[in-house]
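Peer 1: Would you be able to build a 3D model of this:
(chains A, B, C and D)
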Number of protein chains: 2
Amino acid sequence: MMKKVVTRQQIVEAAIRVFGRKSYRDANISEIAKEANVAEGTIYQHFMNKEDLFFFIPQEKTHEFLEGLDLHLQGIQDTPNKIAKFVWYYLYFFKTNPEYARIVMLDMRVSKSFLKAKGYNLLRRFASMVLDVIKEGQREKTIRDDINPYIIRQLLLGVLEHGVARWLLKGEKGDLLEFHTQIVKLVLDGIRNDEVSGENRGSVRKKRPERSPASGKELHKA
Amino acid sequence: MMKKVVTRQQIVEAAIRVFGRKSYRDANISEIAKEANVAEGTIYQHFMNKEDLFFFIPQEKTHEFLEGLDLHLQGIQDTPNKIAKFVWYYLYFFKTNPEYARIVMLDMRVSKSFLKAKGYNLLRRFASMVLDVIKEGQREKTIRDDINPYIIRQLLLGVLEHGVARWLLKGEKGDLLEFHTQIVKLVLDGIRNDEVSGENRGSVRKKRPERSPASGKELHKA
DNA sequence: TCATAAATATGAATGTAATTCATTTTTATT
DNA sequence: AATAAAAATGAATTACATTCATATTTATGA
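Peer 2: Numbering: from 1, shown residues only, chains lettered A, B, ... in the order given. Have a look, this model is predicted:
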């Protein structure tokens, strides 16, 4: 009864490859079966249906994501730096796992059935880590506490998902990580220019450093 | 030759209703045909296939979106206020057009074929308006100019899309507009608390007003 | 080791939905 | 009113996902 496990693994691996390159709709069971060296019927011994197979995929990878994240956060002291790490790691992971990225970010993330899948609970864990860090930051006063922490998280996850999704749609052109520093700056400090508009809201900041020379437009147009 | 136009319109309207409640995959042509009082074959006289019909949908509504936006931006003077209006209007429009929202935000936005559809070009127009406003703000120095404007736009569109998508996935619970003020604050001023962390980045701001009492967690958990 | 039962795997058969196409109906033109 | 062109129709075809009766493989115990 070892065989079953092997077969299942073959199916899942084939599914990752096929779904990774074809969108849920265009991928078909027959192709997955062929690529897994298995009869079509066999897939239905292991999974209820196409959707069930699809939603099974992210489980391992998402675990991997969380473990790697844990490790990368080790030793970082303050919240702003933890947030910078979240941004970097998120982009880094999707950059290095584009098949997983396509599956999760394009087809899966927008499906209501995903809310019921196990892989979703893992992503919730990530979301809840982010939330905890934000709350911690509010307690230690490095993060502003006059805003609902859920909204702060929405800001953070929003930019990231949007960035990755666009990168995928555009065919993975350009380096997903290229702009992570700027993203962190924006999330932490906002888009307003304090020098001039300080008057408007009664605050003053020192001039920020000059814009870095890199300005590649590849990635983030449109 | 007026009849054709009418039929086409019936088909599109039926399609909006059906796709608006059923996801691309679950909606079927036969249902759309029945709801449009038309034979199935007729649909194929007007549209190449199911996908073609689907991607035709957003055109009118997106026009409506852009026109309304134009009107709402009239008379607003400075960039930060224009941005606040973008946020408000975006959320307002999707709140009042949930069928369109589901179609565009869930099924359509994540499909590569969307990039080739006409409706996409309209959304590009919106994106390009946002970009123009940001650049204008950088010129007039109300928006920081040490960051690539494309990245700034990504921040803005990211939160908004993410917020709407989550609201839809969660079944449209809660008021999509409830948090728009906080979102604007965050985008403009960032999440860092200047009072304490000012030291860290060499800047000082006055204390921000206390957090507003509303803290409904419905919408933005997870 | 062999016989037998239980678990897995198979692929032809079935069901469902999209798409095509030969035909009919409607509309425009004379 | 006759004829041609455009639209509409729905039965037939095709492409899949899914089921199911059968065959094959694996585990059990005499």
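
Peer 1: Buried ones in stretch A:118-127, by neighbour count?
Peer 2: A:119, A:120, A:122, A:123, A:126, A:127 (16 or more other Cβ atoms under 10 Å in any protein chain shown). C-beta here means a position set from N, CA and C on the backbone, and glycine is covered the same way.

Peer 1: Tell me who's in contact with the fifth one.
Peer 2: It stands for residue A:126. A:65, A:66, A:69 (Cβ atoms under 8 Å, 6 or more residues apart in numbering or on different chains).

Peer 1: secondary structure class for the first one?
Peer 2: I take that to be residue A:65. Under the three-state scheme (DSSP: H, G, I helix; E, B strand; the rest coil), residue A:65 adopts helix.

Peer 1: That one: neighbour count?
Peer 2: For residue A:65, the tally of surrounding residues (other Cβ atoms under 10 Å in any protein chain shown) stands at 22.

Peer 1: pLDDT at it, what is it?
Peer 2: Residue A:65 is assigned 97 on the pLDDT scale.

Peer 1: right, and it touches residue A:93 too?
Peer 2: Yes - contact criterion Cβ atoms under 8 Å: residue A:65 and residue A:93 qualify, at 5.5 Å.

Peer 1: would you turn the buried residues of stretch A:118-127 into CSV with distance to residue B:20, secondary structure and pLDDT?
Peer 2: CSV is the format used below for the buried residues of stretch A:118-127 (distance: Cβ to Cβ, whole Å; DSSP: H, G, I helix; E, B strand; the rest coil; pLDDT from 0 to 100):
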residue, distance to residue B:20, secondary structure, pLDDT
A:119, 27, helix, 90
A:120, 24, helix, 93
A:122, 31, helix, 94
A:123, 27, helix, 93
A:126, 31, helix, 96
A:127, 28, helix, 97
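
Peer 1: Out of the residues you listed, which is nearest to residue A:152?
Peer 2: residue A:127 (12.1 Å; Cβ to Cβ).

Peer 1: For burial, what's the neighbour tally of residue A:59?
Peer 2: Neighbours of residue A:59 (other Cβ under 10 Å): 15.

Peer 1: quick one: the nearest residue to residue A:104 once chain neighbours are set aside and chain B, what's the gap?
Peer 2: Among residues not flanking residue A:104 along the chain, residue A:58 sits closest, at 5.5 Å (Cβ to Cβ, 6 or more residues apart in numbering or on different chains). Residue A:58 is 16 Å from chain B, where distance means Cβ to the nearest Cβ, to the nearest Å.

Peer 1: tell me the contacts of residue A:58?
Peer 2: Counted by Cβ under 8 Å, 6+ apart, residue A:58 has contacts A:100, A:103, A:104, A:108, A:117, A:119, A:122, A:123.
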